[in-house]
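Asks: Below is the sequence, then the predicted model.
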Amino acid sequence: MNALFWFRHDLRLHDNGALLKVIAESHQLLCVYVVDSAWFHPTIYQSKPLGAIRWQFIRESLHDLQQQLEQLGQTLVIRVGHPQTIISELIATHNIQIIGLNHVPATYERHAVDGLQKAHSQKKWVIGDSFMLFTASQLPFAVEALPNSFTSFRQCVESIELLPPAERPLELPPVIVSSSDSLPTISLPKPSPHALAFTGGETAGLAQLQYYLADTQCVSEYKQTRNGLDGWAFSSKFSPWLAQGCLSARQIMAELHAYENQHGANESTYWLYFELLWREYFQWLQLRYDSKMYALRGIRNQDPLLTFDPKAFAAWREGHTDSPFVNAFMCQLKTTGWMSNRGRQIVASYFINELGVDWRFGAAWFEEQLIDYDPASNWGNWQYLAGVGTDPRGRRQFNIAKQQREYDPTGEFIQRYTI
């Protein structure tokens, strides 16, 4: 039978159980990735869904996946346009009987699959679940009963035995079609001397996993260093590869357990799991609340008492606010595509509490700029800080001057990223 595997946020061959199932049942295979033309057009929040730096990372990831597939006699077909239209056309043109893909919790992506399944209900659908740590059947509660606090969620799930990552395929069925569309181009910002060395793709992601655990053992000091503002080794930097699925969370956990068995577990190795559980929680929140993750009143249906001020938004976005500390972070984001977790909380708090601007505009700007943008984590974190998300204590406000004294007492970070 002819099969189509739709790569989306799973740009890897390891731990891709859905791909293995499709391989086992097909005689010919079409591997496809769809570049959604909507990514390059502004939304109502005056930002685009995809900026130049993340697009470069995705292009590198696609190139790496193409090389991996070619080693097994396959190819990656890239199409540009509306995903549902393109996938439907490929199904009809090539007499596809089996469609494989991996489940992604994000609302837009999930609804696109739902529409395709209804339109092609007579086809066999193979949908994997490797984007997250757990499957729905592993949870001790229904998705509709997901705890409304992270702490309760963590206490319920952290003892669950994780599924092992799937093996990398050793062979693939023959190619059905091999021609691809030309990829859109976006001009990259002026190269920053402080940009971190992120390279897209499964190969680079696995190399970073090896580096952070086995090569440097930095993970054993993670809890002490994780609040750094700049540099490579103070945190794992796994997030860009996780967001595009070049790494899977289960693969990280399998390697972490192997590391702990060899070098010993401590509070820092646990804290890496703790952070992966935060990512996991936001994915299940996305599944439970769907489009409410993007609503002004959030999942709590609470008025955040914010408005849109175009001048304040522009000043924050361009790093021209009254706070040099905030400006440095915003310059870092715009020129490198990355910002520390501490920095993200500081600039979001300033945006919401000092400027009083609609939090959705900040979340959308992060969506365009971040190299590691993940819908559930990004919009969930912004809701959390705006007081309309999962935090039972309401809105979070950071004392910016205190944060600067604690994390940049000499002003080195501000000086590095002063525009």
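Replies: Cool, got the structure.
Asks: can we go C-alpha only for contacts and neighbour counts from here?
Replies: Noted.
Asks: Mind giving me the packing neighbours of the longest helix seen in the chain?
Replies: As assigned by DSSP state H, the longest helix anywhere in the chain is helix 267-289. Where contact means 3 or more Cα pairs under 8 Å, 6 or more residues apart in numbering; DSSP states H and E, helix 267-289 is packed against helix 150-157, helix 222-225, helix 249-263, helix 375-386.
Asks: List the buried residues in the next helix-or-strand element following that helix.
Replies: Downstream of helix 267-289, the first helix or strand assigned by DSSP states H and E is helix 310-318. By neighbour count on 16 or more other Cα atoms under 10 Å, the buried set for helix 310-318 is 312, 313, 316, 317.
Asks: May I have the following helix or strand past helix 310-318 exported as PDB, CA atoms only?
Replies: Sequence-wise, the next helix or strand downstream of helix 310-318 (DSSP H and E) is helix 324-336. Extracted in PDB, the C-alpha atoms of helix 324-336 (Å, rounded to 0.1, in the frame of the first residue of the first chain):
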ATOM      1  CA  PRO A 324      18.000  49.300  30.600                       C
ATOM      2  CA  PHE A 325      17.700  45.700  32.000                       C
ATOM      3  CA  VAL A 326      14.500  45.000  30.000                       C
ATOM      4  CA  ASN A 327      16.000  46.700  26.900                       C
ATOM      5  CA  ALA A 328      19.000  44.400  27.100                       C
ATOM      6  CA  PHE A 329      16.900  41.300  27.100                       C
ATOM      7  CA  MET A 330      14.800  42.600  24.200                       C
ATOM      8  CA  CYS A 331      17.900  43.300  22.200                       C
ATOM      9  CA  GLN A 332      19.200  39.800  23.000                       C
ATOM     10  CA  LEU A 333      15.900  38.300  21.800                       C
ATOM     11  CA  LYS A 334      15.800  40.300  18.500                       C
ATOM     12  CA  THR A 335      19.400  39.700  17.600                       C
ATOM     13  CA  THR A 336      19.900  36.100  18.700                       C
END
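Asks: any idea of the angle helix 324-336 forms with helix 310-318?
Replies: Between helix 324-336 and helix 310-318, the angle comes out at 70 degrees (axes from the mean of the first three to the mean of the last three Cα atoms, to 10 degrees).
Asks: Tell me the first helix or strand C-terminal of helix 324-336.
Replies: Next in line after helix 324-336, if elements are assigned by DSSP H and E, sits helix 341-349.
Asks: Off-centre distance for that following helix?
Replies: Distance of helix 341-349 from the chain centroid (Cα atoms, centre = their mean, to the nearest Å) equals 17 Å.
Asks: Ok, stretch 293-306 next?
Replies: Worked out by Cα atoms, centre = their mean, stretch 293-306 lies 22 Å from the chain centre.
Asks: Just the residues contacting it, thanks.
Replies: Here stretch 293-306 makes contact (Cα atoms under 8 Å, 6 or more residues apart in numbering) with 286, 289, 292, 352, 356-360, 376, 379-380, 383, 386-390.
Asks: List only buried entries from these.
Replies: Buried by 16+ other Cα under 10 Å: 286, 289, 292, 352, 356-360, 376, 379-380, 383, 386-390, out of the contacts of stretch 293-306.
Asks: Which residue is the nearest non-sequential neighbour of residue 63?
Replies: residue 201 (7.6 Å; Cα to Cα, 6 or more residues apart in numbering).
Asks: residues in contact with the one you found?
Replies: Residue 201 touches 11, 12, 57, 58, 60, 61, 62, 63, 64, 65, 241, 246, counting by Cα under 8 Å, 6+ apart.
Asks: hmm, back to that, I'd like the buried residues of helix 310-318 as a markdown table, with pLDDT and distance to residue 95 appended.
Replies: Formatted as a markdown table, the buried residues of helix 310-318 follow (pLDDT from 0 to 100; distance: Cα to Cα, whole Å):
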| residue | pLDDT | distance to residue 95 |
| --- | --- | --- |
| 312 | 98 | 53 |
| 313 | 98 | 50 |
| 316 | 98 | 51 |
| 317 | 97 | 48 |
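Asks: Between those, which sits nearest residue 253?
Replies: Using Cα to Cα, residue 317 is the member of the buried residues of helix 310-318 that lies nearest residue 253, at 35.6 Å.
Asks: Distance of the residue nearest to residue 63 relative to residue 30?
Replies: 20 Å (Cα to Cα, to the nearest Å).
Asks: cool, and residue 42?
Replies: The value you get for residue 42 to residue 30, if Cα to Cα is used, is 31 Å.
Asks: Specify which residue of the two has the higher count of neighbours.
Replies: Ranked by neighbour count (other Cα atoms under 10 Å), residue 42 and residue 30 place residue 30 first, with 24 against 14.
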